[in-house]
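**Student:** From the sequence below, what's the structure:
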Amino acid sequence: RDNTLFSEHRNLQNLLILTAIKADRTRVMEYITRLDNYDASDVANIAISNELYEEAFAIFRKFDVNTSAIQVLIERIGNLDRAYEYAERCNQSDVWSQLAKAQLHANMVKEAIDSYIKADDPSTYIEVIEISGNSGNYEDLVRYLNM
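**Tutor:** The predicted structure is shown next:
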């Protein structure tokens, strides 16, 4: 009975996780994994502001907020390989676009073009053309322009 009451109370779950963020960071991942009724976006952003990036990623992934999840992998954790694996797993064009932009900025031109093609996203074509031309990636540029 007590567990049911707790599981239905969003505010109590929020409070438990936020208290753990401040007082016992080692328990945060356990709570966010086990609990299901908390304000995911708010809790994840508080985790980010407390430099708990893996926990924030786990929250966004659990609640399928995929663009925010990949953003944490790219901007906070700084792991483009994991970001690529994540994009492969959820296979959404907006996620591929975010990855492509990060790959382009990391001078991973071929990978960025592959991701832009998967995203079917020509929105940054000027930047792609410029960087491809500067690095001599003409074959990849042709694939991008034919998308």
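**Student:** for the chain, what helix or strand is lowest in average pLDDT?
**Tutor:** Across the helices and strands of the chain, mean confidence by mean pLDDT, DSSP states H and E is lowest for helix 2-8: a mean of 65.
**Student:** Tell me the helix or strand right after that helix.
**Tutor:** Going down the chain from helix 2-8, the next helix or strand is helix 10-23, by DSSP states H and E.
**Student:** Mind listing residues that contact that next one?
**Tutor:** Helix 10-23 is contacted from outside by 6-7, 27-28, 31-32, 35, 37-39, 42-43, 46-47, 50, 52, using C-beta atoms under 8 Å, 6 or more residues apart in numbering. Where you see a C-beta, it was placed from the backbone N, CA and C, and this is true even at glycine.
**Student:** redo that, cut-off 10 Å
**Tutor:** By C-beta atoms under 10 Å, 6 or more residues apart in numbering, the surrounding residues in contact with helix 10-23 are 5-7, 9, 26-32, 34-40, 42-44, 46-47, 49-50, 52, 55, 59.
**Student:** Would you mind listing the buried residues in that helix?
**Tutor:** With burial defined by 16 or more other C-beta atoms under 10 Å, the residues of helix 10-23 counted as buried are 13, 14, 16, 17, 18, 20, 21.
**Student:** From residue 38, how far off is the first one?
**Tutor:** Which is residue 13. 4 Å (C-beta to C-beta, to the nearest Å).
**Student:** Please enumerate the shared neighbours of the two.
**Tutor:** 31, 32.
**Student:** and the residue nearest the centre of the chain, what element?
**Tutor:** Compute the mean C-alpha point of the chain, and by C-alpha atoms, centre = their mean the closest residue is residue 70, 1.5 Å away. Here residue 70, judged by DSSP H and E, is contained in helix 66-71.
**Student:** Can you give the distance from stretch 59-71 to the centre of its chain?
**Tutor:** 5 Å (C-alpha atoms, centre = their mean, to the nearest Å).
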